[in-house]
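Participant: Pasting the sequence and the predicted model now:
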Amino acid sequence: MRAIGVNTWVWTSPLTDANLPDLLRHIAALGFDAVELPLENDGDISAGPTRDVLAETGLTPYVVGAMAPGRDLVSTSPETVTSTQDYLRACVDLAEGVGAAAVCGPFYAQTGRVWRLDDDTRAAAYDEWRTNLAPVVAYAGERGVRIGIEPLNRYETSLVNTVDQALEGLGPLLGPGLGLALDSYHLNVEERSSADAVRRAGEHLVHVQVCGSDRGAPGGDQTDWPALLAALDEVGYDGPLNIESFTPDNAAIAVAASIWRPLAASPDDLARDGLAFLRAVQPAAPTGGTR
């Protein structure tokens, strides 16, 4: 009986204090239980007003980050590392302020940045990653927020593509304050079995995002949904299934996510179709969600 959420990127980018209230009310009216709040830039979203709208709508919040150009934790300048850590702390602050349990995203390198790594270079990059991520994990832990690291497909990064790589790279940092955030789209590209990848993540699974194998609405696509959901049951994941797709109307986000065509007749159609499928394929959670 998992809740079902949706990312506001389905409709707009960036999410701001100006467009957030009406959009969250709309998402709640569609019947969702939870919402992913992307903080693209520090200051876009204020915790206080957002908390009020969440209380009004009953939506359970989750915060996601965006590794835009200039955000890197490996193979970059000390100044870039510091500014990236500051941005991630801002994501944690927002999560704490709105009552979100987790902050998730590909928190290692700029999305779209790829380079070849041999075994030694990868090991060194993972060591640097742990060193630079550790202060953020500690900061989040002090505030009761868990970090979820998301592996991305090979076209968006060459550093962390699979669950096994994420587990290897994070190593001793994994624990109550740090785990994995898995996205069915990236699993479909990179894993031999999405269900087995979920099983390998196991107790470290923090957050799950879903969409169709074409990045559209879940359902009617090539994903083996019964197997994926059964694996989530096996590892004891009781968090929400969060639909993440992207509006093609924002040039920056469309390029970053390679959205070259509409994925549905409208964002509302994508959200409604995905919600209906996820309700039908598993026992429904109570509409409105819980905190």
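Facilitator: Nice, thanks for sending it over.
Participant: Which residue ranges of the stretch 101-250 of the chain form strands?
Facilitator: Here the stretch 101-250 of the chain has its strands, by DSSP state E, counting those that start in this stretch, at 102-105, 146-149, 178-183, 205-210, 241-243.
Participant: Check which helices and strands the third one is in contact with.
Facilitator: When contacts are defined as 3 or more Cβ pairs under 8 Å, 6 or more residues apart in numbering; DSSP states H and E, strand 178-183 sits against strand 102-105, helix 119-142, strand 146-149, helix 163-170, helix 194-201, strand 205-210. To be clear about C-beta, it is placed using only N, CA and C from the backbone, and glycine gets the same treatment.
Participant: what do you get for the fourth one?
Facilitator: For strand 205-210, the elements it packs on are strand 102-105, strand 146-149, strand 178-183, helix 184-190, strand 241-243, judged by 3+ Cβ pairs under 8 Å, 6+ apart.
Participant: Quick one: closest of the ones you listed to residue 252.
Facilitator: Nearest to residue 252 among these is strand 102-105 (16.0 Å), distances taken as Cβ to Cβ.
Participant: Please name the strands paired to that closest one in the sheet, noting orientation.
Facilitator: Here strand 102-105 is paired, per DSSP bridges, with strand 60-65 (parallel), strand 146-149 (parallel).
Participant: need those strands in JSON lines with mean neighbour count, can you?
Facilitator: Formatted as JSON lines, the strands paired with strand 102-105 follow (neighbours: other Cβ atoms under 10 Å):
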{"stretch": "strand 60-65", "mean neighbour count": "25"}
{"stretch": "strand 146-149", "mean neighbour count": "26"}
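Participant: For my notes, please list those strands in JSON lines and give mean pLDDT for each entry.
Facilitator: Formatted as JSON lines, those follow (pLDDT from 0 to 100):
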{"stretch": "strand 60-65", "mean pLDDT": "98"}
{"stretch": "strand 146-149", "mean pLDDT": "98"}
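Participant: can you put these in JSON lines and add distance to residue 224?
Facilitator: Listed next are the strands paired with strand 102-105 as JSON lines, based on distance: least, Cβ to Cβ, whole Å:
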{"stretch": "strand 60-65", "distance to residue 224": "25"}
{"stretch": "strand 146-149", "distance to residue 224": "23"}
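Participant: Quick one, which of those gets closest to residue 102.
Facilitator: strand 146-149 (4.8 Å).
Participant: Please work out which residues outside the closest one touch it.
Facilitator: 92, 101-108, 133, 136-137, 140, 160, 166, 170, 176-181, 206-207 (Cβ atoms under 8 Å, 6 or more residues apart in numbering).
Participant: ok, residue 267 touching residue 8?
Facilitator: No - if you go by Cβ atoms under 8 Å, residue 267 and residue 8 don't touch, sitting 9.8 Å apart.
Participant: Now do residue 52: how many residues are near it, please.
Facilitator: Per other Cβ atoms under 10 Å, the neighbour tally for residue 52 reads 12.
Participant: angle of the strand or helix carrying it against strand 60-65?
Facilitator: Assigned by DSSP states H and E, residue 52 belongs to helix 47-57. Our comparison of helix 47-57 with strand 60-65, counting by axes from the mean of the first three to the mean of the last three Cα atoms, to 10 degrees, yields an angle of 140 degrees.
Participant: Show me what the mean pLDDT comes to for helix 47-57.
Facilitator: Helix 47-57 carries an average pLDDT of 98.
Participant: tell me which residues in that helix are buried?
Facilitator: For helix 47-57, the neighbour count (16 or more other Cβ atoms under 10 Å) marks 50, 53, 54, 57 as buried.
Participant: Distance of the last one relative to residue 94?
Facilitator: When you say that, I think you mean residue 57. Per Cβ to Cβ, to the nearest Å, residue 57 is found 17 Å from residue 94.
Participant: Ok, the third one next?
Facilitator: Taking Cβ to Cβ as the measure, residue 54 and residue 94 are separated by 12 Å.
Participant: Give me the spatial nearest neighbour of residue 32, chain neighbours excluded.
Facilitator: residue 6 (5.2 Å; Cβ to Cβ, 6 or more residues apart in numbering).
Participant: neighbours around residue 179, how many?
Facilitator: Using other Cβ under 10 Å, residue 179 has 25 other residues around it.
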